[in-house]
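Trainee: this one's sequence-less:
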C-alpha cells in the first residue's frame, strides 16, 4: 500500500501548528510523530474476521492471552500511541 | 470503566510502552482495565498496522501503530473497528462501548407537552469530561412515530435533514457524525430521491478539545459545548414544520499527562512521564540496525 504523509495544515498561533482538520499540535504536520497518512492506510484485520491472537505483558507483569483472558466476554481492544506521551 | 463492567465488556489497551511505564500509569490513574505492553511492536506488526511512515531510526516515534480500536463479540469476531487519521485524536470509550453493545440505546419517553403523533427528541453528551484529543459524543435520539420519517443530508430547499449543529466554539472540533443506515425514498411530486431514516434515529457527533484554543470558564477548568439539534418529520403525504432543540453542556476540560501541573478538578494525576519518555528515546537508539520488516 502506497501511503502518503499528510503535510496539509500549517503554522498556527505562537509556536504551534494546525492539522488539516484544525487540531493544534507542537510539531508541523508530517514531522516526527506527526507522520500521519493522507490516503488510505492499513487498519488490520477486517470486520467479520476473528481477532488475531494477542499475547503480551500487562501492567502488573502478567503475560496475558487476550482471547483466554476475556473468558467468553465481548471486548474492546485499543491500539493507542503511548501511555507516556 | 464501571459502564464496561456492568455491560460485561472487557477492555484491553495496547501500546509500545515498557511494562513499568504502564505500571506507573496504572498506579497514577487507578487503572482497572488491562494495559498491554508491546515494546518491540510485535503485536502491532502482526496486525499489519505499524506506522510505516515513520523511519526505523526515528526515535522514539518508530514502533507506533496507526492508532485504532477493534470491538469483538463473545466469539472473538471483530464486529466494528475505529481507526483515526491523527495520533492525537481517538474514539472515546462511550463510542466503543456503544459499538460493543450493538448501538443499543434507550429511547426517551415522550414528554407530556409533546403533541401525540410528533417526533420527540433527546440530546445528551456521552462522558463527563473532555480531555484533549479524546472524542466524546453528542448523542441525539429521535423517537419517530409510526408512518413518519426523518431525512439524511442532502435535502432540497424547504426540507430540513436531521442533524446536530454545534455553535461556533473556539477550541471544539467535531468530526464525521455517525448515523444509522438510510433507505431511498422517491418524492411523488418532483421524482427526486432522498435518503430517509426508518423508525427511531440516533445520531452521534464526535467532538474533542483542541490543544491550544480552548475557551474555558473563568476558573479555567470547564468548557461549555452548545448548539442545536434540527429535524423535520414527514409522512407519506405531508411534512411537519422543521423543529429545533438547543443544548448546552458544561463539562470538565482535561489536561495531558506530561503537561500536568498538579492536582485539581479536571487535571490528571502526575506520573514520572519524562523519565519514561527518555527511555523510549534511548531504548533503540543504541541499535539503529533495527530493520523494518514490513
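Mentor: Thanks, I have it. Bear in mind that the values here come from a model prediction, so they are computed numbers and not experimental data.
Trainee: what are the ranges of the helices in the stretch 1-150 of chain B?
Mentor: Using DSSP state H, counting those that start in this stretch, the helices of the stretch 1-150 of chain B run over B:2-7, B:19-29, B:42-46, B:93-100.
Trainee: I meant chain A, not that one.
Mentor: A:66-69 (DSSP state H).
Trainee: in the chain, what residue sits furthest out from the centroid?
Mentor: Let's take chain A. residue A:14 (27.1 Å; Cα atoms, centre = their mean).
Trainee: Chain B was what I was after
Mentor: Distance from the C-alpha centroid of chain B peaks at residue B:189, with 39.5 Å (Cα atoms, centre = their mean).
Trainee: distance of it from chain A?
Mentor: Distance, residue B:189 to chain A, using Cβ to the nearest Cβ, to the nearest Å: 39 Å. Using the backbone N, CA and C atoms, a C-beta is placed for each residue, glycine as well.
Trainee: next one: residue B:29
Mentor: Distance from residue B:29 to chain A, counting by Cβ to the nearest Cβ: 9 Å.
Trainee: circling back to that earlier point, could you single out the most deeply buried of the helices of the stretch 1-150 of chain B?
Mentor: Ranked by mean neighbour count, the helices of the stretch 1-150 of chain B are led by helix B:93-100 with a mean of 22 (mean count of other Cβ atoms under 10 Å in any protein chain shown).
Trainee: And that one, how far out from the chain middle?
Mentor: Here helix B:93-100 shows a centroid-to-chain-centroid distance of 8 Å under the convention Cα atoms, centre = their mean, to the nearest Å.
Trainee: So in terms of bridging, what pairs with residue A:77?
Mentor: For residue A:77, the beta-bridge partners under DSSP bridges are residue B:12, residue B:70.
Trainee: which ones are touching it?
Mentor: Going by Cβ atoms under 8 Å, 6 or more residues apart in numbering or on different chains, residue A:77 touches A:51, A:54, A:66, B:12-14, B:69-72.
Trainee: As a markdown table, the helices of the stretch 1-150 of chain B with mean pLDDT and distance to residue B:183 would be great.
Mentor: Output for the helices of the stretch 1-150 of chain B, formatted as a markdown table (pLDDT from 0 to 100; distance: least, Cβ to Cβ, whole Å):
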| stretch | mean pLDDT | distance to residue B:183 |
| --- | --- | --- |
| helix B:2-7 | 80 | 30 |
| helix B:19-29 | 84 | 44 |
| helix B:42-46 | 94 | 39 |
| helix B:93-100 | 76 | 22 |
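Trainee: what's the closest of these to residue B:82?
Mentor: Residue B:82 sits nearest to helix B:93-100 of all the helices of the stretch 1-150 of chain B, at 6.9 Å, using Cβ to Cβ.
Trainee: got the contact list for the closest one?
Mentor: A:74-76, A:78, B:3-4, B:7, B:9, B:11, B:69, B:71, B:79-80, B:82, B:104-105, B:126-127, B:135-137, B:178, B:204, B:206.
Trainee: hang on, the earlier thing: now do the same for the residue farthest from the centre of chain B: helix, strand or coil?
Mentor: Under DSSP: H, G, I helix; E, B strand; the rest coil, residue B:189 falls in the coil class.
Trainee: What lies in contact with the top helix by length along chain B?
Mentor: If you go by DSSP H, chain B has its longest helix at helix B:273-285. Residues from elsewhere that reach helix B:273-285 (Cβ under 8 Å, 6+ apart): A:82, A:84-85, B:16-18, B:20-21, B:24, B:39, B:59-60, B:62-63, B:257-258, B:290.
Trainee: do the same with stretch A:59-75
Mentor: Stretch A:59-75 has contacts (Cβ under 8 Å, 6+ apart) with A:51, A:53-58, A:77, B:8-12, B:19, B:22-23, B:25-26, B:31, B:34-37, B:71-74, B:76, B:100.
Trainee: if we can go back for a sec, just the buried ones from the contacts of helix B:273-285, in ChimeraX syntax?
Mentor: Applying 16 or more other Cβ atoms under 10 Å in any protein chain shown to the contacts of helix B:273-285, the buried members can be selected in ChimeraX as follows:
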select /A:82,84,85 /B:16,17,18,21,24,39,59,60,62,63,257
